[in-house]
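Q: Fold the following.
(one chain, ligands or ions: 1)
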Amino acid sequence: MLDTILGALDTTSVFVFLLVFLIGYYWLTSPKNMPPGPMGLPLIGNLLQLRAAGSNQLELLKKWRQQYGDVFAIRLGSKNLVFISDYKILQETFVKNGDIFSGRPSNLYIINQIKKKTGTGVILSEGAIWKELRRVTLMTMRDFGVGKKSLEQRVLDEALAVVEVLEKGEGQPVLFKPLLSKFACNVICSIILGDRFDYDDKTFIELTKLVNLAVSQPLVFAPVNFLPITRFAPAGKKIIHDVVDSFVTIDNFLGTVLKEHEETYDPSEIRDFVDFYIKTRSDSDDAHLYDASNMRRVIIDLFAAGTETTATTLSWILLYFAAYPEVQTRCQQDIDKVVGQGRSATMDDRKNLPYIEAVITEIFRVVNIAPVAVPHVAVKEGKIRQYTVPAETIVIGNIREIHLDPVNWPEPDIFKPERFLDKDGNFCPPKKNFMPFSIGPRACLGEVLARMETFLLFCTLVQSFTFVMPQGQKPDLQGQFGVTYSGKPQPFLAKRR
Ligand code: HEM
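A: Predicted coordinates for the structure are as follows:
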């Protein structure tokens, strides 16, 4: 009997049967009442469309938003992803329903590997562990000067180290990102380890390289996360090497540094973030939360989230200076008037430098350093407007679309700092439709530090230099999308004023 049936089936029939089965399976396993979105293929969903978009994935997201609206869904492998491109809906989701939508994706291949090999920190954890680690990290950062005068001086010292390097370069073209990464990494080092590294230190150069390598990969939509079988393909192997292996090497490096710290720890003299963390562990009933692996992982989070993002922001500012010399001149004139050449700018000068505040704000809006933020996850079934999204759905705040929406921002693609000034030239901070650090309980925990670093280095650099492209070259303002959106490597000059 079986032979007869098999005999009757030719290759075409088997193929058609399989196709119908896969489409049926895909349809049956797709949750109902989900937001609309582009049709995908069985098993892989919309992976091919994203892959085909290559370096234009953000443009594809824009096209899907135009086609399907402010809330649309796609499928990658067996995972459902919902994109929100409207500020009000994102507030309802990430803030009002923050208890449902503040999880992080857990069963993605690379994320699992990072967690397995280096432990749980703030960025990738969820639930009670995340809340506690986030609380302690914020408290410790505050205790070690974030938002206070004491840290301001350390950031200024680091800014002067950057000036020194540029002066030594004597106006030769420079690739700014590696230098600015050292600046941002050293600020984190001084909070965490109570010390800074020399810019020529080999370990330090390696550390900043690894942090940048890990964070600049196109991780958010990487096929290996959604179809783990692709980990055997060359592209899969490369991204695992660049991300997971980098984190493991940083973890090993921190292991050695932290061991030395533990050996010299004295509870009566808390020197830095690490000492405070050790103290929290010995004072706590939940000591396992603060074990050595979690401590290393939290520190890696601060390096990973705090170095590349800040360096990317600062690199974009300098590139925009080279592209918009009139903006740069006006910033220099304002600094000369308010601060002069005899001292460094301080955070107190912010209120007297409205144009500089407007330039920084406009860079955040127009460039979108974190275009799709960090993916969230629904920890249980929840509502996004009229749609029902099941537990485990990945929810993405489409920050770039909110910042470039012509309804919110006239001529959204034009760089226009004046949009944040009133008729008397006062700075008007945006109250809505603006969220470079995201919103809700998961929002960036380094915002205060990042804003301090950005303002102080910005002022220190325009006080001392003019940034220009080499003769006959134009700046390329198209970036590349990894986890962050960073400028393409292009050397340009810092000329002493
Ligand atoms: C200009 C610089 C920066 C930008 C644009 C930025 C932006 C962001 C964004 C969009 C998120 C995702 C929030 C979400 O999931 O909804 C985030 C998370 C985070 N950021 Fe930043 N960030 C910057 C600098 C920093 C710095 C300097 C630090 C630390 C020293 C830091 C630490 C973190 C951490 C730990 C998280 C994860 C928070 C959590 O999961 O609870 N960031 N950041």
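Q: burial of Pro42, as a residue count?
A: Using other Cβ atoms under 10 Å, Pro42 has 15 neighbouring residues. The way it works is simple: take the backbone N, C-alpha and C, and place the C-beta from them, glycine included.
Q: What does the pLDDT read for it?
A: At Pro42, the model reports a pLDDT of 86.
Q: What of Thr11?
A: We have a pLDDT of 68 for Thr11.
Q: Within range of the ligand, give me the residues from the stretch 51-200 of the chain.
A: Taking Cβ under 6 Å from any ligand atom as the measure of proximity, the stretch 51-200 of the chain contacts the ligand at Val122, Ile123, Arg134, Ile188.
Q: 8 Å - rerun?
A: Selection of the stretch 51-200 of the chain residues close to the ligand by Cβ under 8 Å from any ligand atom yields 94, 102, 104, 121-125, 130, 134, 137, 141, 184, 187-188, 191.
Q: Nearest to the ligand within the stretch 251-400 of the chain, name that residue for me.
A: Nearest residue of the stretch 251-400 of the chain to the ligand: Gly306, at 3.0 Å (Cβ to the nearest ligand atom).
Q: ignore the last one, the stretch 301-450 of the chain
A: Across the stretch 301-450 of the chain, the shortest distance to the ligand (Cβ to the nearest ligand atom) belongs to Gly446, at 2.0 Å.
Q: List the backbone torsions phi and psi for Glu167.
A: For Glu167, the backbone dihedrals (degrees, to the nearest 10) come out as phi -60, psi -40.
Q: so what's it up against?
A: Each residue near Glu167 by Cβ atoms under 8 Å, 6 or more residues apart in numbering is listed here: Arg496.
Q: which non-adjacent residue is nearest Pro178?
A: Counting by Cβ to Cβ, 6 or more residues apart in numbering, Pro178 lies nearest to Thr208, which is 7.0 Å off, once chain neighbours are set aside.
Q: just checking, that neighbour is part of a helix?
A: Yes: Thr208 sits within a helix when classified using DSSP: H, G, I helix; E, B strand; the rest coil.
Q: if we can go back for a sec, just give the number of residues close to the residue of the stretch 301-450 of the chain closest to the ligand.
A: Burial of Gly446 is recorded as 21 neighbouring residues (other Cβ under 10 Å).
Q: Can you check the pLDDT for it?
A: 94.
Q: what do you get for the one 3 residues further on?
A: Residue-level confidence at Leu449 comes out at 93, pLDDT.
Q: same deal with Glu263?
A: At Glu263, the predicted lDDT confidence score is 88.
Q: what about it, how many neighbours?
A: 7.
Q: For Ile278, see how far away it is.
A: Shown here: Glu263 relative to Ile278, a distance of 11 Å by Cβ to Cβ, to the nearest Å.
Q: cool, and Asp157?
A: 26 Å.
Q: again with Phe492
A: 44 Å.
Q: before we move on, what about Phe197?
A: 22 Å.
Q: list the buried ones in stretch 73-83?
A: Within stretch 73-83, the residues that qualify as buried by neighbour count (16 or more other Cβ atoms under 10 Å) are Ala73, Ile74, Arg75, Leu76, Gly77, Lys79, Asn80, Leu81, Val82, Phe83.
Q: just to revisit the earlier point, if you count what's nearby, which of Asp157 and Ile278 comes out ahead?
A: With other Cβ under 10 Å as the criterion, Asp157 and Ile278 differ in neighbour count, and Ile278 comes out ahead with 19 against 14.
Q: That one contacts His261, doesn't it?
A: Yes: judged on Cβ atoms under 8 Å, Ile278 makes contact with His261 at a distance of 7.4 Å.
Q: mind checking which helix or strand the residue lying closest to the residue of the stretch 301-450 of the chain closest to the ligand once chain neighbours are set aside is in?
A: Beyond its immediate neighbours in the sequence, the residue positioned closest to Gly446 (Cβ to Cβ, 6+ apart) is Gly306, lying 5.0 Å away. For Gly306, the enclosing helix or strand under DSSP states H and E is helix 292-323.
Q: tell me which residues in that helix are buried?
A: For helix 292-323, by 16+ other Cβ under 10 Å, it's 292, 294-323.
Q: that older thread, contacts only, for the residue nearest to Gly446.
A: With contacts defined as Cβ under 8 Å, 6+ apart, Gly306 is in contact with Ala184, Val187, Ile188, Gly446, Leu449, Ala450.
Q: Confirm that the second one lies within a helix, as I assumed.
A: Yes: looking at Val187 with three-state DSSP, it is inside a helix.
Q: May I ask you to confirm that it is in contact with Glu453?
A: Yes: with contact taken as Cβ under 8 Å, Val187 and Glu453 are classed as touching, separated by 5.9 Å.
Q: From Leu404, how far off is the residue nearest to Gly446?
A: From Gly306 across to Leu404, the span is 25 Å (Cβ to Cβ).
Q: how far away is the residue of the stretch 251-400 of the chain closest to the ligand from Thr208?
A: Gly306 is 12 Å from Thr208, where distance means Cβ to Cβ.
Q: One more: Ser284?
A: Relative to Thr208, Ser284 is positioned 32 Å away (Cβ to Cβ).
Q: Compare those two (neighbour count), which wins?
A: Residue environment comparison for Ser284 versus Thr208 gives the larger neighbour count to Thr208, 26 against 13, counting by other Cβ under 10 Å.
Q: Contact partners for that one?
A: Applying Cβ under 8 Å, 6+ apart, one finds that Thr208 lies in contact with Pro178, Ser181, Lys182, Cys185, Thr307.
Q: same question, Ala494
A: Neighbouring residues of Ala494 by Cβ under 8 Å, 6+ apart: Leu166, Gly169, Gly171, Val174, Leu318, Leu461, Phe465, Thr466, Phe467.
Q: Let me see the backbone angles for it.
A: According to degrees, to the nearest 10, the main-chain angles of Ala494 amount to phi -110, psi 110.
Q: Likewise for Glu392?
A: Its backbone dihedrals place Glu392 at phi 80, psi -10, with angles given as degrees, to the nearest 10.
Q: Surely it touches Val377?
A: Yes: in terms of Cβ under 8 Å, Glu392 counts as a neighbour of Val377; the distance is 6.4 Å.
Q: quick one, which of the two is more surrounded?
A: The neighbour comparison of Glu392 against Val377 (other Cβ under 10 Å) goes to Val377, with 21 against 18.
Q: Apart from its chain neighbours, what residue comes closest to the more buried one?
A: Excluding its sequence neighbours, the residue lying closest to Val377 (Cβ to Cβ, 6+ apart) is Gly103, at 3.7 Å.
Q: ok, that neighbour - contacts?
A: Shown here is Gly103, whose contacts under the criterion Cβ under 8 Å, 6+ apart are Glu126, Gly127, His376, Val377, Ala378, Val379.
Q: picking up where we left off before, which of the contacts of Thr208 tops the neighbour count?
A: For those, neighbours were counted by other Cβ under 10 Å; the highest total belongs to Lys182, with 27 neighbours.
Q: Can you check which residues contact both of Val187 and Glu453?
A: Val155, Thr310.
Q: so Ile188 makes contact with Leu302?
A: Yes: A contact is recorded between Ile188 and Leu302 when judged using Cβ under 8 Å, the distance being 5.4 Å.
Q: got the angle for the helix or strand where Thr454 lies vs helix 292-323?
A: When elements are assigned from DSSP H and E, Thr454 belongs to helix 447-464. For helix 447-464 against helix 292-323, the angle between stretch directions is 40 degrees (axes from the mean of the first three to the mean of the last three Cα atoms, to 10 degrees).
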